[in-house]
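Engineer: Sequence and computational prediction follow.
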Amino acid sequence: MNVQLATERRPKPARTRSAGPRRGGRAAPSPRGGTTAAPTRTCAGCGQRAAQHEVLRWVHAGEGGASPGASSLPPVTIDLKGGARGRGAWVHPRIECLDKAARHGFSRSFRIRVDVSTEQLLEQIRAAAERRLAGLIHAARASRALIFGRDSVREKSAVASLVLLAADSPSLSNAPFVTELGARGRLVIWGTKERYGTWMGRGDVAILAIMEHGLATRIAQTLALLNLAPQTVSGCGAADIVSEVR
Ligand SMILES: [Zn+2]
């Protein structure tokens, strides 16, 4: 099978939001001349095609402005938001795909030898996911879609989209309302009371709830990314909950 690996010829123009009516049904021309209804990308690890939101974009550092060999920066950098300059390659957020991409997938995609380790890729995913998570938590708080503290969360637990319980709160994990949230697939045990406290600008915070579905889904997806890098994960369940929140 002749696997065509995903590389972009040039950065895509920034998407502009128009106030006017959308032209329905018009598919964008693909780089190969056909038309595609939804953007798909080929994973540089396993070679399978995937919807664009299912794969992570990586940019070759040599093309993004950094001069190659000038620093100890990794040769590929994650582009979690999308739209970073430079030629991109796409990889599933899975250890096996990252492994294959690190070994030979990136080199094939970028048509240049890329020396990067799976650990370096995981480290970048972790750092980017941490930043995104903090941003989403702040967005949730700013839009009043976040409540925290045992009593507040218990009161609203029936309508919470996602509840985060600090992994160092073992006593709370046995509370009936928490058990019930777990049974409904709305609970993630992750992080520490200190971290939640920092997010909330308080002392220790053991539990918080996201009350808005879209934000909850993005937070669960981000936690699943953090689950890829085992050394940062305290607790479990983030990966399991993604399908529940969707
Ligand atoms: Zn893959």
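Structural biologist: Sure, I can see it. Numbering: from 1, shown residues only.
Engineer: For the helix or strand harbouring A224, which residues meet the burial criterion?
Structural biologist: With elements taken from DSSP states H and E, the one containing A224 is helix 213-226. Across helix 213-226, burial judged by 16 or more other CB atoms under 10 Å covers L215, A216, T217, R218, I219, A220, Q221, T222, L223, A224, L225, L226. Placement of C-beta: from N, CA and C, glycine included.
Engineer: Make CSV out of those residues and add distance to S157.
Structural biologist: Below are those laid out as CSV (distance: CB to CB, whole Å):
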residue, distance to S157
L215, 17
A216, 13
T217, 18
R218, 21
I219, 17
A220, 17
Q221, 22
T222, 22
L223, 19
A224, 22
L225, 26
L226, 24
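Engineer: Verify the contact between L228 and Q124 for me.
Structural biologist: No. With contacts counted by CB atoms under 8 Å, L228 stays clear of Q124, the gap being 10.8 Å.
Engineer: could you give me the average pLDDT of the helix holding A224?
Structural biologist: What helix 213-226 shows for mean pLDDT is 94.
Engineer: that older thread, let me have the buried residues of helix 213-226 in CSV, extended by distance to the ion.
Structural biologist: Formatted as CSV, these follow (distance: CB to the ion, whole Å):
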residue, distance to the ion
L215, 27
A216, 26
T217, 22
R218, 22
I219, 24
A220, 21
Q221, 17
T222, 19
L223, 20
A224, 15
L225, 15
L226, 19
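Engineer: by contact count, what packs against the helix holding A224?
Structural biologist: Other helices and strands packing on helix 213-226, by 3 or more CB pairs under 8 Å, 6 or more residues apart in numbering; DSSP states H and E, are helix 118-142, strand 162-165, helix 238-245.
Engineer: Quick one: low-confidence residue ranges for the chain.
Structural biologist: Applying pLDDT under 70 to the chain flags the ranges 1-37, 63-72, 229-246.
Engineer: Helix or strand next in line after the helix or strand encompassing W58, which one?
Structural biologist: For W58, the host element (DSSP H and E) is strand 56-60. Using DSSP H and E, the helix or strand that follows strand 56-60 towards the C-terminus is strand 76-79.
Engineer: give me every residue that touches the closest residue in space to W58 that isn't next to it in sequence.
Structural biologist: Taking CB to CB, 6 or more residues apart in numbering, and ignoring the residues beside it in sequence, W58 has V76 as its nearest neighbour in space, at 4.6 Å. The neighbours of V76, taking CB atoms under 8 Å, 6 or more residues apart in numbering as the test, are W58, V59, H60, A61, A89, F106, F110, V114, V116, L121.
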